[in-house]
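1. I would like the atomic coordinates for the input below:
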Amino acid sequence: MRIEELPWRSPDAFIAHYGDEPWSALLDSGGPINERARWSFFCSRPSATLTGNTVSDWAHLPELLPPKSAEHTLPFSGGLIGLASYEAGLAFEGIPSRHAPFIPGLSVARYDGAYVFDRQEKRLFWSSYCDAPQPLALPQCSAPSAILPTLDFIPDFDRRDFCAALRAIVSRINNGELFQANLTTQFRASIAPALAASAVYRRVRHASPSPFGAFFNTPAFALLSASVERFISMDAQGRIETRPIKGTAPLGATPAENALIAKALRADEKEYAENLMITDLMRNDIGRVAQLGSVNVPALCAVERFTHVHHLVSAVTGLLENGLTALNLLRATLPPGSVTGAPKHQALKVIDATERSARGAYCGSLFRIGADGALDSSVIIRSLVLKPGSLTLGAGCGITTLSDPEREYDELCLKAAPLLGLFKP
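-> Got it, this is the predicted structure:
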């Protein structure tokens, strides 16, 4: 085990200098510093990678895991960083998608160490579970940010078509086919080949600092994420937590207005029901691999404020069954319940039949697994995916019998606006 304290450099400096290298990754805590947004990690030049599109590819992941070691002083000292697409989760549920995938279902790299940023103490470390030396020279300073181009994003669903699709889902809910579904659309823009992933992400993290922000630059695509939502975390002792988000309201102009908006969100019957159903779904998913009687709900429908919106957030906890690992936990819970619906299996089928394209990274999960066996992961929302010639952004909302189509489309636009706004004149 190697831990070296280094002179402070910002995560932005690492992205500016090394972000466009293949497989560079930044797990980027932003916004107010708290227990869930204290640490950031930059990794580069992995010792092994794995890319695949089938469930059988997951069988090779244990071969990539570093040897299990004792709990570490710092929260991550290298290990796996990977992305499981939404369609990978469909495959775990035995549901073939009618949409052609546009990114691999699984993209994973093993890193021999990590640059660890302690935002609270403003300290930087190189930490390696296998005593590896630093792979990079420390960047001296951040380069100036690039000016982003003006882009025209076209959604799969315009307002009229989205509202029509939503009404069809509400009809299926009222007929007893399901209770809730998450309906989404993809905004797409054509881009010039010269648009660098690092340049876009530096603007994303400045405009939308988020507790689960991330940059993951694979050879096939780059994820540029401003996610606010933790998916699943598990510590080295097997203690599990998920924090599903359902329920959204805009920020106000003053503290008094924000207090009124938060109070109204907390009392909103539709938003409360939406969060309650997804919380119950996540209880069920975690229960598949948790010790009997260990699953609890310590927080239900608490209002939390983020950079651009208020959300209702709950928490579900549990204890992993003996003999299982973080990989078992991921496979039992993908795709994330907060972006699917209830009952989950039926909602997934309805979503795939209704939406107009694959979700890809959107509504999948970005995860890290350390040498101590600990796991943390995000739900990939508020995120851009950059590929040669294209840039995409997914956005959606939860649908229940109480949903108003126009209001839901407005909520979708509210979520998409901060990232779309980066490309406006």
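
2. Leu195 against Leu386, yeah?
-> Yes: between Leu195 and Leu386 there is a contact under C-beta atoms under 8 Å: 7.1 Å. C-betas here are computed from N, CA, C, even on glycine.

3. more neighbours, these two?
-> Just comparing Leu195 and Leu386: by other C-beta atoms under 10 Å the higher neighbour count belongs to Leu386, 19 against 16.

4. and Pro96, how many neighbours?
-> Residues near Pro96, counting by other C-beta under 10 Å, number 9.

5. what does it show for phi and psi?
-> The phi/psi pair for Pro96 (degrees, to the nearest 10) reads phi -80, psi 130.

6. now swap in the one 5 residues further on and tell me
-> Dihedral pair for Pro101: phi -70, psi 150, per degrees, to the nearest 10.

7. next one: the one 3 residues further on
-> When read as degrees, to the nearest 10, the backbone of Pro104 gives phi -60, psi 150.

8. so what's it up against?
-> Pro104 makes contact with 51-53, 85, 218, 220, according to C-beta atoms under 8 Å, 6 or more residues apart in numbering.

9. which residues touch whichever helix or strand Leu224 is part of?
-> Assigned by DSSP states H and E, Leu224 falls within strand 222-227. Contacts with strand 222-227, where a contact means C-beta under 8 Å, 6+ apart, come from 30, 83, 197, 200-201, 204-205, 207-210, 212-217, 307, 361, 366, 378-387, 418-419.

10. quick check: next helix or strand after the helix or strand of the chain with the lowest mean pLDDT?
-> Here the helix or strand of the chain ranked lowest by mean pLDDT, DSSP states H and E is strand 245-250, holding a mean of 85. On the C-terminal side of strand 245-250, the closest following helix or strand by DSSP H and E is helix 255-267.

11. now whatever helix or strand comes next after that following helix: buried residues?
-> Using DSSP H and E, the helix or strand that follows helix 255-267 towards the C-terminus is helix 269-287. Using 16 or more other C-beta atoms under 10 Å as the test for burial, helix 269-287 gives 270-287.

12. gap between Phe153 and Leu422?
-> 11 Å (C-beta to C-beta, to the nearest Å).

13. Leu74 now?
-> Counting by C-beta to C-beta - Leu74 and Leu422 are separated by 32 Å.

14. go on, Gly398?
-> 26 Å.

15. kindly tell me how buried Asp156 is, as a neighbour count.
-> Quick note: Asp156 (other C-beta under 10 Å) scores 17 neighbours.

16. that one contacts Gln186, correct?
-> Yes: with contact defined as C-beta under 8 Å, Asp156 counts as touching Gln186 (5.1 Å).

17. give me the common contacts of these two.
-> 356-357.

18. so, low pLDDT: which residues of this protein?
-> When residues are selected by pLDDT under 70, those of the chain lie in 71.

19. would you map the helices across it?
-> 11-18, 61-64, 86-92, 159-174, 197-207, 255-267, 269-287, 326-333, 344-354, 405-420 (DSSP state H).

20. for those, which one sits closest to Val228?
-> helix 405-420 (9.8 Å; C-beta to C-beta).

21. of all the residues in the closest one, which ones are buried?
-> 405, 408-409, 411-412, 414-416, 418-420.

22. nearest to Lys122, of those?
-> Distances from Lys122 to the buried residues of helix 405-420, taken by C-beta to C-beta, are shortest for Pro418, at 26.3 Å.

23. by neighbour count, which of the contacts of Pro104 wins?
-> That'd be Ser85 among these, by other C-beta under 10 Å, with 28 neighbours.

24. which residues touch it?
-> Here Ser85 is in contact with 101, 103-106, 359-361, 364 (criterion: C-beta under 8 Å, 6+ apart).

25. who has more neighbours, Gly398 and Leu422?
-> Neighbours were counted for Gly398 and for Leu422 using other C-beta under 10 Å; Gly398 has more, 27 against 16.

26. for beta bridges, what are the partners of the more buried one?
-> Gly398 has these beta-bridge partners by DSSP bridges: Asn182.

27. and it, how far from Leu412?
-> 11 Å.

28. neighbours of Ala353, just the number please.
-> 11.

29. next one: Leu330
-> Neighbour tally, Leu330, other C-beta under 10 Å: 25.

30. please apply the same query to His99.
-> For His99, the count of nearby residues is 15 (other C-beta under 10 Å).

31. hang on, it packs against Ser357?
-> Yes: taking C-beta under 8 Å as the definition, His99 is a contact partner of Ser357 at 5.5 Å.
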